[in-house]
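[1] Let's see this in three dimensions:
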Amino acid sequence: MNAAQSDWIAATGLRAVQTDHEMPAIPETVLGDLRLSLIARGLYALLLSYPGQPIDPYEDAIEDPADISLAIKELIAAGHAVRVDR
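    This is a model prediction of the structure:
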């Protein structure tokens, strides 16, 4: 990661906790959102693994920073994530 590259983001809204293990943990509204690339959907899954906490998706990432930046923009434009100050 480039030391200057940092972009803290967090998932938006509340999510119900599923007690039915056959239900997907990632909402269908995100999985089925045709505006989102596969990288953006994966990034959203990462966001959900840190409930209530912002993350810096560039930290320890092996993906190209330009691809991560695009995924962040997709999630924000679709209303699934927000930028936060850290």
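
[2] pLDDT below threshold where in this structure?
    Applying pLDDT under 70 to the chain flags the ranges 1-6, 13-24.

[3] what comes up buried for the biggest helix by length in it?
    For the chain, the longest helix by residue count, based on DSSP state H, is helix 65-77. By neighbour count on 16 or more other CB atoms under 10 Å, the buried set for helix 65-77 is 68, 71-72, 74-76. Bear in mind the C-beta positions are built from the backbone N, C-alpha and C, glycine included.

[4] Whichever helix or strand comes after that helix: which residues count as buried?
    Next along the chain after helix 65-77, taking DSSP states H and E as the criterion, comes strand 81-83. For strand 81-83, a neighbour-count test (16+ other CB under 10 Å) marks Ala81 as buried.

[5] before we move on, the earlier item: residues making contact with the longest helix of the chain?
    Contact with helix 65-77 is made by 1-2, 5, 7, 9, 35-37, 39-40, 42-44, 47, 57-58, 61, 81-83, as judged by CB atoms under 8 Å, 6 or more residues apart in numbering.
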